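K.L.:
need a structure here:
(chains A and B)
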Amino acid sequence: GAGVSQSPSNKVTEKGKDVELRCDPISGHTALYWYRQRLGQGLEFLIYFQGNSAPDKSGLPSDRFSAERTGESVSTLTIQRTQQEDSAVYLCASSLAGVTSYEQYFGPGTRLTVT
Amino acid sequence: KQEVTQIPAALSVPEGENLVLNCSFTDSAIYNLQWFRQDPGKGLTSLLLIQSSQREQTSGRLNASLDKSSGRSTLYIAASQPGDSATYLCAVSSSQNTGFQKLVFGTGTRLLVSP
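P.N.:
Purely as a prediction, here's the structure:
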């Protein structure tokens, strides 16, 4: 079946502009995660959604970052007033549930470049 | 705070060699450990998932071991092929009572297998 998809695959934006990144999880997966991968660094957890529960936003680096998810489907990650340090690959993952025994399936990522 | 380290950062080997990638983590109270493969421009592909109660997992030419008490895991790749060239990431699920599988990633080992 279809995997996790993300759009756009690449985004170049000017410093100070807002951007929206989209993630379509695997159908039936109730858990959804956003990660950031900056050049030369490991993946950093940003936010977690589980069904209709309140999201865990503990990884968001600043209040310029926010994310929404409609039920158990599409999620959008919004970065307001982008800064150059926001340049990274943003990866989305989904899993059957948030419990530890389930694998996370990753999308191809969105490469964001802030000029 | 959980920290994950991978050694070496890069590895170049001729085709056919057996090789070992290393991963260490500072907090041994993990739920599971996963090895991923990341190809340029693509998302992460899960290779092996080892639950905390397990010692190893095997899939084809791959074998991953886990020594939770010492905070170490190794990924063994037998008879390496050029198609194995990729970045290999190790990730552990956080021991914090987050209620979900919060992964902490290493920075990866970049593997190049030459024909």
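
K.L.:
check contacts around the residue lying closest to A:Leu112 once chain neighbours are set aside.
P.N.:
Leaving aside its chain neighbours, A:Leu112 sits nearest to A:Lys11 (5.1 Å; criterion: Cβ to Cβ, 6 or more residues apart in numbering or on different chains). In short, each C-beta sits where N, CA and C put it, glycine included. By Cβ atoms under 8 Å, 6 or more residues apart in numbering or on different chains, A:Lys11 lies in contact with A:19, A:21, A:110-113.

K.L.:
A helix includes A:Lys11, no?
P.N.:
No: using DSSP: H, G, I helix; E, B strand; the rest coil, the assignment for A:Lys11 is strand, not a helix.

K.L.:
re the thing from before, ok, of the contacts of A:Lys11, which one's closest to chain B?
P.N.:
Of all those, chain B sits closest to A:Arg111, with 8.3 Å by Cβ to the nearest Cβ.

K.L.:
Tell me how far the residue nearest in space to the middle of chain A lies from A:Ser94.
P.N.:
For chain A, the residue nearest the mean C-alpha position is A:Trp34 (3.1 Å; Cα atoms, centre = their mean). For A:Trp34, the distance to A:Ser94 (Cβ to Cβ, to the nearest Å) stands at 11 Å.

K.L.:
and if you look at A:Ser73?
P.N.:
For A:Ser73, the distance to A:Ser94 (Cβ to Cβ) stands at 10 Å.

K.L.:
which residues do the two both contact?
P.N.:
With Cβ under 8 Å, 6+ apart, A:Ser73 and A:Ser94 have common neighbours A:Pro25.

K.L.:
Compare those two and say which is more crowded by neighbours.
P.N.:
Neighbours of A:Ser73 and A:Ser94, each counted by other Cβ atoms under 10 Å in any protein chain shown, are more numerous for A:Ser94; the result is 25 against 12.

K.L.:
Just the local confidence number for the more buried one, please.
P.N.:
A:Ser94 carries a pLDDT value of 92.

K.L.:
Tell me the bridge partners for it.
P.N.:
Beta-bridge pairing of A:Ser94 under DSSP bridges involves A:Leu32, A:Tyr105.

K.L.:
Any idea how far apart the tips of stretch A:76-94 sit?
P.N.:
14 Å (Cα to Cα, to the nearest Å).

K.L.:
do stretch A:37-48 as well
P.N.:
This stretch, stretch A:37-48, spans 16 Å end to end (Cα to Cα).

K.L.:
ranges for the strands of chain A?
P.N.:
For chain A, applying DSSP state E gives strands covering A:5-7, A:10-13, A:19-24, A:31-37, A:43-50, A:65-69, A:75-79, A:88-95, A:105-106, A:110-114.

K.L.:
Without its sequence neighbours, what residue ends up closest to residue 7?
P.N.:
Because you didn't say which chain, this covers chain A. Leaving aside its sequence neighbours, A:Ser7 sits nearest to A:Arg22 (Cβ to Cβ, 6+ apart; 4.9 Å).

K.L.:
hmm, I had chain B in mind actually
P.N.:
Among residues not flanking B:Ile7 along the chain, B:Asn22 sits closest, at 4.7 Å (Cβ to Cβ, 6+ apart).

K.L.:
list the contacts for the nearest residue to B:Asn63 once chain neighbours are set aside?
P.N.:
Excluding its sequence neighbours, the residue lying closest to B:Asn63 (Cβ to Cβ, 6+ apart) is B:Tyr76, at 4.4 Å. Contacts for B:Tyr76 (Cβ under 8 Å, 6+ apart) come out as B:18-20, B:62-65.

K.L.:
Thank you kindly, that will do.
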